[in-house]
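Participant: Sequence first, then the predicted structure, then my questions.
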Amino acid sequence: MITFHPKRLAGNWFEGYALDYHTLSSTFLGYNAFGHKEFDNVYSEIGKLLYKLKSKSDRSVLNDIIEATIYFIKQEWGVSDLLDAIIPMLPSNVKRKIQPVIEITRELSDRLQIPLYENALRKIHHTPELKDIFDYKKRLELLQNNFYIDDEALKEKKILLFDDLFRSGATLSAVTSTLYEKGKVARVYALTLTKTRSLR
């Protein structure tokens, strides 16, 4: 199994973790022919697998990601017996060939025997991809009242809210607020595969 180093995530959820940093270092190389910045990134093990899955559509890495995630949930975090439901975060890029969060949560649900509420979370209106917006307050403004819960069955349940990458936490925070205020859930446990080394 791959090696990872869990990082606690501060936020409005009951408890939250990322399995590791996404990258361990990043060196600026210059600009490509299209004027975009290029970097030489050194990834964590889980970060490298996530990069292959998201950027290369490499499904061969899925099992290693899922096994590491299950090991953390069951053995290190110890919350698998507490959870009543798993909710995947909504994809920011709906055109992506493989949606990592959906693929992974389906497997987590199946292997951990925890119900998956794949369609419970909905977005009210479109927002731009937040990776291009660096101001945390601006992110929160764009996300305010942007989600709703489409399932009353979540009331009083303990929820695992799952995402692949944690940047500023603005989206995760907005969804957690929605789960508490509109879904009336008992607790939200937030888990992401990786987190950035900075808030951006």
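Facilitator: Okay, I see it. No experiment lies behind these values; they were computed from the predicted model shown.
Participant: which element follows the one helix or strand residue 110 maps to toward the C-terminus?
Facilitator: Per DSSP states H and E, residue 110 falls inside helix 100-112. Toward the C-terminus, helix 100-112 is succeeded by strand 121-123 as the next helix or strand (DSSP H and E).
Participant: Straight-line length of stretch 9-19, end to end?
Facilitator: 10 Å (C-alpha to C-alpha, to the nearest Å).
Participant: and it, how far from the chain's centre?
Facilitator: Centre-to-centre, stretch 9-19 and its host chain are 11 Å apart (C-alpha atoms, centre = their mean, to the nearest Å).
Participant: related to what we said a few turns ago, average model confidence for the helix holding residue 110?
Facilitator: Average pLDDT, helix 100-112: 96.
Participant: Against the centre of this protein, work out the most remote residue.
Facilitator: Distance from the C-alpha centroid of the chain, by C-alpha atoms, centre = their mean, peaks at residue 33 (31.7 Å).
Participant: Could you measure from that one over to residue 62?
Facilitator: Using C-beta to C-beta, to the nearest Å, one obtains 33 Å as the distance from residue 33 to residue 62. For every residue, glycine as well, the C-beta is placed using N, CA and C.
Participant: just residue 120 next, same as before
Facilitator: Here residue 120 is placed at a distance of 23 Å from residue 62 (C-beta to C-beta).
Participant: What of residue 161?
Facilitator: 20 Å.
Participant: How about exporting stretch 22-40 as PDB, limited to the C-alpha atoms?
Facilitator: Only the C-alpha atoms of stretch 22-40 are listed here, as PDB (Å, rounded to 0.1, in the frame of the first residue of the first chain):
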ATOM      1  CA  HIS A  22      -0.800  17.200  -3.200                       C
ATOM      2  CA  THR A  23       2.700  18.300  -4.100                       C
ATOM      3  CA  LEU A  24       5.800  18.400  -1.900                       C
ATOM      4  CA  SER A  25       7.600  21.000  -3.900                       C
ATOM      5  CA  SER A  26       7.100  23.000  -7.100                       C
ATOM      6  CA  THR A  27       9.700  24.800  -9.200                       C
ATOM      7  CA  PHE A  28       8.700  27.500 -11.700                       C
ATOM      8  CA  LEU A  29      10.200  26.600 -15.200                       C
ATOM      9  CA  GLY A  30       8.900  29.500 -17.200                       C
ATOM     10  CA  TYR A  31       6.100  30.000 -19.700                       C
ATOM     11  CA  ASN A  32       5.000  27.700 -22.500                       C
ATOM     12  CA  ALA A  33       4.000  28.600 -26.000                       C
ATOM     13  CA  PHE A  34       0.500  29.600 -24.900                       C
ATOM     14  CA  GLY A  35       1.800  31.900 -22.100                       C
ATOM     15  CA  HIS A  36       0.800  29.600 -19.300                       C
ATOM     16  CA  LYS A  37       3.100  29.000 -16.300                       C
ATOM     17  CA  GLU A  38       4.900  25.700 -16.200                       C
ATOM     18  CA  PHE A  39       6.200  24.000 -13.100                       C
ATOM     19  CA  ASP A  40       8.300  21.000 -12.100                       C
END
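Participant: Sweet, I'm off.
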